[in-house]
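A.B. asks: Show me the folded form of this:
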Amino acid sequence: MRFTPCVLSAVLGLGLLPEWVNAADPADRYPSRPIRIVVGTTPGATPDVLARLIGTKISDNWGQSVVIENRMPAAIGYNAVAKSTPDGYTLLLAAPSLAIQTVVTPHLPYHALKDFVGVSEIGFSNVVVVVGPGLGVKSLKELVEYAKARPGKIFNATGVVGGADHLTAERFKYFAGIKASHVSFKGSVEALIEASAGRAHFSSTGLAAAMPLIQAGKLIPLVQYVPILPDVPIAADVVPGWRPMGAQSVVVRTGTPMAIRQKLSREVRRILALSDIRERLGAVAFYITPSTPEEHDKKIREDIAAFAAIVKQIGLQVN
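C.D. replies: Numbering: from 1, shown residues only. Predicted coordinates:
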């Protein structure tokens with residue numbers, strides 16, 4: 001419908017413009033009620049800590065309550081967000097498992113690319129490869145030499161099969177040229193204890209989990225992804241191509257208006273730039289990688305492709 005200048009003046013004066021002309025951008029009114037952030041982990045886990053830090057800052061800045069909802073296992077939380085109204089009031093603090101599940105458990109009732117769109121990546125825990133002091137290995141070069149001298153006789157320990165730690169470790173072995181049998185445990189702490197005791201030859205996981213044993217002299221770090229530990233080489237210098245698999249991020253249901261996604265993204269990126277947030281996350285070796293919605297969506301597609309390649313490479317059984 002078109003209005004001539006005369007007609008437009010008349011209808012403006014009478015308040016007779018169609019509803020679509022009066023409608024404001026939905027982002028202008030957002031948020032007008034409480035926001036929910038769903039987390040697929042128990043309280044205290046990394047995604048939960050991130051959700052509470054971000055939620056508090058959103059509430060302080062926007063004047064709306066932010067409720068953190070822990071729903072386990074992760075699949076239940078993810079499915080709840082996939083079935084929510086796409087209006088920006090239900091967010092998901094997504095762990096790498098969202099992308100991994102798309103590869104290893106394709107029959108779930110949701111899909112990382114079909115049912116979710118990005119707000120912003122948050123970042124990832126610095127990853128470190130460690131050995132126990134009894135192994136007599138003090139560098140990545142020495143670990144490679146040790147492995148090549150014992151073909152088929154060394155083991156690496158990680159958390160659960162198909163988890164981010166496991167797939168990150170498989171990617172490490174590929175780029176480092178190491179052949180080792182994988183042994184899985186309930187969590188990264190158990191895997192690290194096995195390495196420190198010499199029952200596994202090496203392990204790799206987030207630095208935050210490994211730090212207490214490193215500080216106690218029970219683990220020796222050989223390589224890290226980003227330069228947090230002094231005098232420990234970074235991956236780019238000694239094992240180029242290796243990187244952590246997946247990141248923590250904020251996503252919403254597909255169909256959420258882009259204007260709302262962008263407004264949320266700007267807010268999350270503002271929060272991640274705050275000095276107190278950077279200090280808090282830096283203290284637990286968390287590497288911040290904020291992004292736009294478009295950058296997030298591109299990155300998760302790349303992660304899924306990388307996960308699929310590793311799953312095929314190691315012959316992991318897909319459920």
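
A.B. asks: Can you give me the distance of residue 298 to residue 91?
C.D. replies: Applying Cβ to Cβ, to the nearest Å, one obtains 20 Å for the distance of residue 298 from residue 91. To be clear about C-beta, it is placed using only N, CA and C from the backbone, and glycine gets the same treatment.

A.B. asks: Who has more neighbours out of these two?
C.D. replies: Neighbours of residue 298 and residue 91, each counted by other Cβ atoms under 10 Å, are more numerous for residue 91; the result is 27 against 13.

A.B. asks: From residue 95, how far out is the residue lying closest to the more buried one once chain neighbours are set aside?
C.D. replies: Excluding the flanking residues, the one nearest residue 91 by Cβ to Cβ, 6 or more residues apart in numbering is residue 37, at 4.7 Å. According to Cβ to Cβ, residue 37 stands 13 Å off from residue 95.

A.B. asks: between the two, who's got more neighbours?
C.D. replies: Taking neighbours as other Cβ under 10 Å, residue 37 and residue 95 compare with residue 95 leading, 26 against 23.

A.B. asks: for the more buried one, what are its contacts?
C.D. replies: Contacts for residue 95 were tallied using Cβ atoms under 8 Å, 6 or more residues apart in numbering; they are 40-41, 46-47, 74, 164, 246, 248.

A.B. asks: Which helix or strand contains residue 250?
C.D. replies: Secondary structure from DSSP states H and E places residue 250 in strand 248-253.

A.B. asks: tell me which strands and helices that strand is in contact with?
C.D. replies: Secondary structure elements in contact with strand 248-253, counted by 3 or more Cβ pairs under 8 Å, 6 or more residues apart in numbering; DSSP states H and E, are helix 46-62, helix 74-82, strand 90-94, strand 116-125, helix 258-272, helix 293-314.

A.B. asks: for these, which one ends up most surrounded?
C.D. replies: Greatest average neighbour count among the helices and strands packed on strand 248-253 goes to strand 90-94 (a mean of 27), per mean count of other Cβ atoms under 10 Å.

A.B. asks: Other residues contacting the next helix or strand after it?
C.D. replies: Helices and strands here follow DSSP H and E; after strand 90-94, the next one along the chain is helix 97-104. By Cβ under 8 Å, 6+ apart, the list of residues contacting helix 97-104 from outside reads 40, 74-75, 78, 92, 108, 111-113, 116, 162-164, 167, 245-246, 251, 300, 303-304, 307-308, 311, 316, 318-319.

A.B. asks: Okay, domains of the protein per the record?
C.D. replies: According to automatic domain parsing, the chain comprises the domains 26-124+245-314, 127-238.

A.B. asks: Mind putting those into CSV with mean pLDDT?
C.D. replies: Written out in CSV, the entries for the domains of the chain read as follows (pLDDT from 0 to 100):
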stretch, mean pLDDT
domain 26-124+245-314, 94
domain 127-238, 94
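
A.B. asks: what's the burial count for residue 228?
C.D. replies: For residue 228, the tally of surrounding residues (other Cβ under 10 Å) stands at 17.

A.B. asks: quick one, what contacts it?
C.D. replies: Under the criterion of Cβ under 8 Å, 6+ apart, the neighbours of residue 228 are 126, 207, 282, 285, 287.
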